[in-house]
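Peer 1: how does the following fold in three dimensions:
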Amino acid sequence: DLDAAWEWLLAAVRASRHVAQNGCLIQRLVGIAMFYNAADGIKRWSAHPAVNAELLRKALAEFHEADQLTPPNSVAIKTEYIMLRNTLRDAKTLQDVLGEGINVPWELRSPMLFVMGEPELSLNAFQHVFRNQLSEIDKPKRDRAPTAGGLFNLYDLPPGTTDCLPARELDQAVESAILARLTLPAYHQADIAMQREAARRAAVSSLLACQLHRRLHGDWPANVDDLAPYIVAVPPADPLGILGERMRLKGDGDDLVIYSIGLNGTDD
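Peer 2: Just a heads-up that it's a prediction; the model follows:
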């Protein structure tokens, strides 16, 4: 029952979007994992020979509608910031954050943190770091400010962009704040995961459009520009590419590979 199969797949996509709607980074990552699972099912479903053009056109429109439920990246970042502040202000959860990350006996940890100016030092550093991230996190990768290098991949923002320390100075400040140093690397990895998901979502949209092209014309499109305007209004853009760059297609025997330029910006 291919109609019912699509309804289940669409429900899985929508569920993956709802999980991430108002949550922190872990909920966003769970939503990403759920979406990847649904995407694999959509790939198999769309390749079924009995899935006709009418079904594919319906699926393409409904996928686009469900995809609009994806929250801005900043939602998870803002929620994470509030949770982090609450965590660092609570003595018990603060010890949970430290966990086995430092080689100091439990009974000496509170005095050690006091001497080091913690958690106040890290709370202050986090305020600057999250301002730095929120200035860019909702932009496509191509439109973001360059990173300044360093351990935490902070954005090298022009003066006056936001009320935070310059990236290189902030990187040094975070290095001296033990709680910030323990937790911040995870945020960069979550940003990478959200960027990759954006490319996967564009690939699934392109997949449905390419399968529809094949049903209507008997062959794969040569490139995504062939999909507009009769299948999609505009050719699918690559979220990780430079402005105007499209998702890429490559023939592989009877199959078609749909891919993004990727995080490194190189067609490899």
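Peer 1: CA atoms for contacts and neighbours, from now on please.
Peer 2: OK.
Peer 1: please name every helix or strand in contact with the helix or strand where Leu84 lies.
Peer 2: If you go by DSSP states H and E, Leu84 is part of helix 73-88. In this structure, helix 73-88 packs against helix 25-47, helix 91-98, helix 120-134, with contacts taken as 3 or more CA pairs under 8 Å, 6 or more residues apart in numbering; DSSP states H and E.
Peer 1: repeat the analysis, applying 7 Å as the threshold.
Peer 2: Contacts defined by 3 or more CA pairs under 7 Å, 6 or more residues apart in numbering; DSSP states H and E place helix 73-88 against helix 25-47, helix 91-98.
Peer 1: quickly, which of those helices bottoms out on average pLDDT?
Peer 2: The weakest mean pLDDT among the helices and strands packed on helix 73-88 belongs to helix 91-98, with a mean of 68.
Peer 1: what's Pro49 sitting at in phi/psi?
Peer 2: Note on Pro49: its backbone torsions stand at phi -60, psi -20 [degrees, to the nearest 10].
Peer 1: put the alpha carbons of stretch 196-214 into CSV.
Peer 2: Provided in CSV are the C-alpha atoms of stretch 196-214 (Å, rounded to 0.1, in the frame of the first residue of the first chain):
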residue,chain,number,x,y,z
ARG,A,196,24.7,18.4,7.5
GLU,A,197,21.0,17.9,8.1
ALA,A,198,20.2,21.0,6.0
ALA,A,199,22.1,19.4,3.1
ARG,A,200,20.3,16.0,3.7
ARG,A,201,16.9,17.7,3.7
ALA,A,202,17.8,19.4,0.4
ALA,A,203,19.0,16.1,-1.0
VAL,A,204,15.6,14.4,-0.1
SER,A,205,13.7,17.2,-1.8
SER,A,206,15.9,16.8,-4.8
LEU,A,207,15.5,13.0,-4.7
LEU,A,208,11.7,13.3,-5.0
ALA,A,209,11.9,15.8,-7.7
CYS,A,210,14.4,13.7,-9.7
GLN,A,211,12.2,10.6,-9.4
LEU,A,212,9.3,12.6,-10.6
HIS,A,213,11.3,13.8,-13.6
ARG,A,214,12.2,10.2,-14.4
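Peer 1: got any ranges where the stretch 101-250 of the chain has weak pLDDT?
Peer 2: Filtered on pLDDT under 70, the stretch 101-250 of the chain yields the residue ranges 101-109.
Peer 1: try it again with 90
Peer 2: For the stretch 101-250 of the chain, applying pLDDT under 90 flags the ranges 101-126, 140-142, 147-154, 158-165, 167-189, 242-244.
Peer 1: re earlier: could I get the helices and strands packed on helix 73-88 as a markdown table with mean neighbour count?
Peer 2: A markdown table is the format used below for those (neighbours: other CA atoms under 10 Å):
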| stretch | mean neighbour count |
| --- | --- |
| helix 25-47 | 18 |
| helix 91-98 | 14 |
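Peer 1: reformat these as TSV; add distance to Val204.
Peer 2: Below are those laid out as TSV (distance: least, CA to CA, whole Å):
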stretch	distance to Val204
helix 25-47	7
helix 91-98	37
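Peer 1: among the ones you listed, which is nearest Asn73?
Peer 2: Of all those, it is helix 25-47 that lies closest to Asn73, at 8.7 Å by CA to CA.
Peer 1: tilt between that closest one and helix 73-88?
Peer 2: Relative orientation of helix 25-47 and helix 73-88, computed by axes from the mean of the first three to the mean of the last three CA atoms, to 10 degrees: 150 degrees.
Peer 1: which secondary structure elements does the helix or strand following helix 25-47 sit against?
Peer 2: Using DSSP H and E, the helix or strand that follows helix 25-47 in sequence is helix 53-67. Judged by 3+ CA pairs under 7 Å, 6+ apart, helix 53-67 is in contact with helix 2-19, helix 185-217.
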